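Colleague: For reference, the sequence and a predicted model appear below.
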There are 2 protein chains.
Amino acid sequence: MNRLARYLPILEWGRQYGSSTLTNDLVAAVIVTIMLIPQSLAYAMLAGLPPEVGLYASILPLVAYAIFGTSRTLAVGPVAVVSLMTATAVGEIAAQGSESYLIAATLLALLSGAMLVAMGLFRLGFVANFLSHPVISGFITASGLLIAAGQVKHLLGVPSGGHTLPEIVKSLVANLHVTNLATLVIGVGVLAFLYFVRLRLKPLLISLGMKPRLADIITKAAPVFAVAATILAVTVLNLDEAGVQPVGAIPQGLPLPALPIVDLDLIRALAAPALLISLIGFVESVSVAQTLAAKRRQRIVPDQELIGLGAANIASGISAGYPVTGGFARSVVNFDAGAKTPAAGIFTAIGIALATLFLTPLLANLPEATLAATIIVAVLSLVDYSAVRRVWIYSKADFSAMAATILGTLLLGVEIGVVMGVLLSLLMHLYRTSRPHMAVVGQVAGTEHFRNVDRHQVITSPEILSLRVDESLYFANTRYLEDRIAELVAERPELKHIVLMCSAVNAIDASALESLEEINHRLHDAGITLHLSEVKGPVMDRLKRSSFLDDLTGRVFLSQYEAIAELNASR
Amino acid sequence: MNRLARYLPILEWGRQYGSSTLTNDLVAAVIVTIMLIPQSLAYAMLAGLPPEVGLYASILPLVAYAIFGTSRTLAVGPVAVVSLMTATAVGEIAAQGSESYLIAATLLALLSGAMLVAMGLFRLGFVANFLSHPVISGFITASGLLIAAGQVKHLLGVPSGGHTLPEIVKSLVANLHVTNLATLVIGVGVLAFLYFVRLRLKPLLISLGMKPRLADIITKAAPVFAVAATILAVTVLNLDEAGVQPVGAIPQGLPLPALPIVDLDLIRALAAPALLISLIGFVESVSVAQTLAAKRRQRIVPDQELIGLGAANIASGISAGYPVTGGFARSVVNFDAGAKTPAAGIFTAIGIALATLFLTPLLANLPEATLAATIIVAVLSLVDYSAVRRVWIYSKADFSAMAATILGTLLLGVEIGVVMGVLLSLLMHLYRTSRPHMAVVGQVAGTEHFRNVDRHQVITSPEILSLRVDESLYFANTRYLEDRIAELVAERPELKHIVLMCSAVNAIDASALESLEEINHRLHDAGITLHLSEVKGPVMDRLKRSSFLDDLTGRVFLSQYEAIAELNASR
């Protein structure tokens, strides 16, 4: 039972489900449903898919996450960045609008789901740790800019394309002369309205005497008003004849669950993007879930989150959807609207299913420009220049990984961008640890404490060198250690003892062990005794498995203080 | 002048050159020349090249290294492992024996030389550090086995091929029925003779009253005797008619220096193997040079070694040679024979050039089986099973990288093998540091020292948690830190203070900074104060660039002892 409950969190919260929780969850579900309908259409358009695919991706995946996920309030579904990544991945192997484009997008969701579940079962969630904060933050900022630029064509009503910023801009400029005025008016109008809502509406309503909570809900629902108003305008004024592009007829009814056609060549082509989408989606989703859980002192289980998110994507893959993940904006709305359990997600799914069955005929006249404006407002809020500034001030190495991610994403595309960032941050880490900081230390007078001779007033002796190595010793830095010790010895003719202070040495691998043996041997030839101090337990355990401690010319001291005291006493 | 001398070490030793040094160098050169002639022919055969190419690769490269290299005694030229790598790389793009095979091998030397020089000028020698000791040692062992297996066909006198152990064995078995008896007798005879020389000859000669030094030289020169004897046998007994394959006519004369034909497609195809050959060759060469330099208390300069080795390969590339590096066996012979300066290398080059001009007609009847036996004896001495055992006992992680290298090299080929080993050792390092060791510590009674509560008798308090993090904090392990602290807090209801003991934290990157801010914030919400202690200078400098220290709820203490003393006092 316990084991089952670990993999099925629904068994835990489901048993305590009561009527007050039900009311809370229902209210939240209604609000999220209203918000999710235009978003689902918009992100499907961003992914290059027909609008109904966005709706399908907002039904079964929500139910699957409610069963397997550990966050009480995370709302999954189509999100901007993953939609862009889907468009890039699928666009490389099929033409937009074709049947094979649809098949590939669905298969991508299934693949990504299978990968996430596998990572969850094998506890491989740590892989996501290799996406550093600066890389993720840079990637999301750059994706936001890229998405916004890609939507401008819908505001202008011009044909255009491209997966990178230069391509998009070039294509836009070339088509600028065919801008459609009616589309432009609708697009810019909605954009202005949404910005007004976001920046001004809530304070305005509150100053007019409305309760803050109601004002908040109205503000969040404003995009629905823009949707209704522009549908009405297109219908009444026959704007489609004036060149405004509507989303067109959306098929009514729900897809029957079915496995997509499995094609090995297609799987091979989609495997790498599926992995990237899985990792990016997981990192985004987990950080949203963790932030919300901390606010209510709840805990999420990252490895089970992989399974929850994987189940959601598999559900999307078998119900004609496309890759989904936990979205920041909708999860916050869900949380603020008072959702208490994942049942809110199930109720949202029912809401979207009902809308798909009964509301879609009303949406046929919805202008694409309205959706584009919705997307632009949503993604530009992801762009975070202050994070770029903070990282620049804190660390040039982290900044360079961030800059590589941003420039790579904007100029070469999302996949290359994020891979460049990850590789650069790994290389930077390796480079840094391959040239470790080493400090010659001395005793702080009156204490048992030893600090850097260059930074503190300390006591030293010409016959004893205390060297603190500030890094684990491993293959990448052993040669550097050998060189540094040779240098220090050459500068000190009176030297008789070297004490390597190992308080910061967390591991010694086989390469470093060979180097230490070599150093011990060379120092012995030069009449210098090598000692160690403050060797950590796990490191000491390992050294005992080799012959190094037998060959060591000196001793291993518990503390640097003890080492210096005994070496001074024996002089 | 100083700057010039840094790049041209010959200017330094050349100025002090005297007649006693000259005598020493000349003697060493004669011995090395005698040893190098059969080796050059054998390794050229191993690389799939005509025998004269091995001789050409032993002339100009030696002169170039003497001018630019920093080791006094390193002997460069064709070596076994690099010859095998050349055969693999060139074999993929041209048929053995063709003109384009020759061109590609020469271009490979030029490319590899250019890469080495560039790495030297840009001080990129640290890249070689990513080849860990277990990976190199595993690679050399596996290459040795692979080379030996590949030479068996010459002992049997059968046609055979393959780049991996299964291919080689399969091909040998299929051709076993056409074994040539005369060839087998010569091959096995030479093999037995060489093993007798290696294991027994020197003690035998000494017991017969010969001086050890002379006995040593005779032992080293024994392969030349095998060469002379088998040439004589073939010539007198007309063994070529009995099916013994001789190396055949070797063109007399020296190649004029010339740039090889530069073909961009060829360069692209050879770039990756050239990089691998450069790195492997550099690592081998530098470790030989360092070992020999340490014996005479000399120093080598790794970045200048890159230039020296690069110059040698460029020289090989413009004189119809193929990739070269510093060889272990011949360098030891050079050292033992008394070489004092790189001039010995120049004299050796003159010796080989004279041999190429005047001795080659004598070599036409040399059986390939003799060369194969020479190679087998040389490479099997590289196979080091005890290193495998030592690494297995010391560290399973290092062992798995070593095993991957050995199995990859034997089963999939040299290039894949070494790449697998490097990637696996990097991944292992990242995985280890992503789950850092953290110890709850307490004060060792009567000292200012703090150790792990699980390993030592220490003093602790329920209100104060001292946590020592045994790793630098960076993107791969920040999530783990957050989880661990949440766990520790949940177990300790009375907790008021956490002191993070940072003596082993050598760096905090931007991702870890964000995590620490988050941890500080969450602990604050739980009524717990976060303190740091023993923060290193460079880490502290960096933290001061962020707002973390202003937001930190607790303090930063110089030592853990001070932290506990003050927190206890303020209760």
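Modeller: Yep, that arrived. Residues are numbered from 1 along each chain as shown, chains lettered A, B, ... in the order given.
Colleague: What sits closest to whichever residue of the stretch 51-200 of chain A sits closest to chain B if chain neighbours are left out?
Modeller: Using Cβ to the nearest Cβ, the closest approach of the stretch 51-200 of chain A to chain B is made by A:S132 at 3.3 Å. The C-beta positions use only the backbone N, C-alpha and C, and glycine is treated the same way. Closest residue in space to A:S132, ignoring its immediate chain neighbours: B:F475 at 3.3 Å, by Cβ to Cβ, 6 or more residues apart in numbering or on different chains.
Colleague: element containing that neighbour, please.
Modeller: Here B:F475 sits in a region with no helix or strand, counting by DSSP states H and E.
Colleague: still on that earlier bit, just to check, the residue of the stretch 51-200 of chain A closest to chain B is in contact with B:R479?
Modeller: No: judged on Cβ atoms under 8 Å, A:S132 makes no contact with B:R479 at a distance of 11.0 Å.
Colleague: neighbour-wise, which of those two wins?
Modeller: Ranked by neighbour count (other Cβ atoms under 10 Å in any protein chain shown), A:S132 and B:R479 place A:S132 first, with 29 against 21.
Colleague: So the residue nearest to A:A57 when sequence neighbours are not counted, which state does it fall into?
Modeller: Spatial nearest neighbour of A:A57, excluding adjacent residues (Cβ to Cβ, 6+ apart): A:G321 at 3.3 Å. Assigned with DSSP: H, G, I helix; E, B strand; the rest coil, A:G321 falls in the coil class.
Colleague: A:G321: what's it in contact with?
Modeller: Shown in contact with A:G321 (Cβ atoms under 8 Å, 6 or more residues apart in numbering or on different chains): A:V53, A:Y56, A:A57, A:S58, A:I59, A:L60, A:P61, A:T106, A:A109, A:A315.
Colleague: pLDDT below threshold where in chain A?
Modeller: Low-confidence segments of chain A (pLDDT under 70): A:1-3, A:294-295, A:297-299.
Colleague: repeat that for 50
Modeller: The model of chain A has pLDDT under 50 over residues A:1.
Colleague: Which residue ranges make up each domain of it?
Modeller: As assigned by automatic domain parsing, chain A contains the domains A:20-426, A:438-569.
Colleague: Single out the most deeply packed of the ones you listed.
Modeller: Of the domains of chain A, the one with the most neighbours on average (mean count of other Cβ atoms under 10 Å in any protein chain shown) is domain A:20-426, at a mean of 20.
Colleague: which parts of the stretch 451-571 of chain A sit against chain B?
Modeller: Taking Cβ under 8 Å from any Cβ of the partner chain as the measure of proximity, the stretch 451-571 of chain A contacts chain B at A:452, A:455, A:470-472, A:474-480, A:483, A:486, A:503-507, A:509-511, A:513-514, A:522, A:525, A:536-538, A:542, A:545-546, A:558-559, A:561.
Colleague: Next, format the contacts of A:G321 as CSV and append secondary structure.
Modeller: Output for those, formatted as CSV (three-state DSSP):
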residue, secondary structure
A:V53, helix
A:Y56, helix
A:A57, coil
A:S58, coil
A:I59, coil
A:L60, helix
A:P61, helix
A:T106, helix
A:A109, helix
A:A315, helix
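Colleague: So which residue is smack in the middle of chain A?
Modeller: Closest residue to the average C-alpha location of chain A: A:V283 at 3.4 Å, with Cα atoms, centre = their mean.
Colleague: The strand or helix carrying that one - contacts with which helices or strands?
Modeller: Counting by DSSP H and E, the element that carries A:V283 is helix A:264-295. The helices and strands touching helix A:264-295, judged by 3 or more Cβ pairs under 8 Å, 6 or more residues apart in numbering or on different chains; DSSP states H and E, are helix A:80-91, helix A:99-121, helix A:133-156, helix A:302-317, strand A:325-326, helix A:328-336, helix A:414-434.
Colleague: got the angle for it vs helix A:80-91?
Modeller: 180 degrees (axes from the mean of the first three to the mean of the last three Cα atoms, to 10 degrees).
Colleague: My guess is A:S100 contacts A:A94. True?
Modeller: Yes: with contact defined as Cβ under 8 Å, A:S100 counts as touching A:A94 (4.2 Å).
Colleague: Just list the residues touching the residue sitting furthest away from the middle of chain A, thanks.
Modeller: Note on chain A: the largest C-alpha distance from the chain mean falls to A:R571, namely 58.5 Å (Cα atoms, centre = their mean). By Cβ under 8 Å, 6+ apart, A:R571 lies in contact with A:E463.
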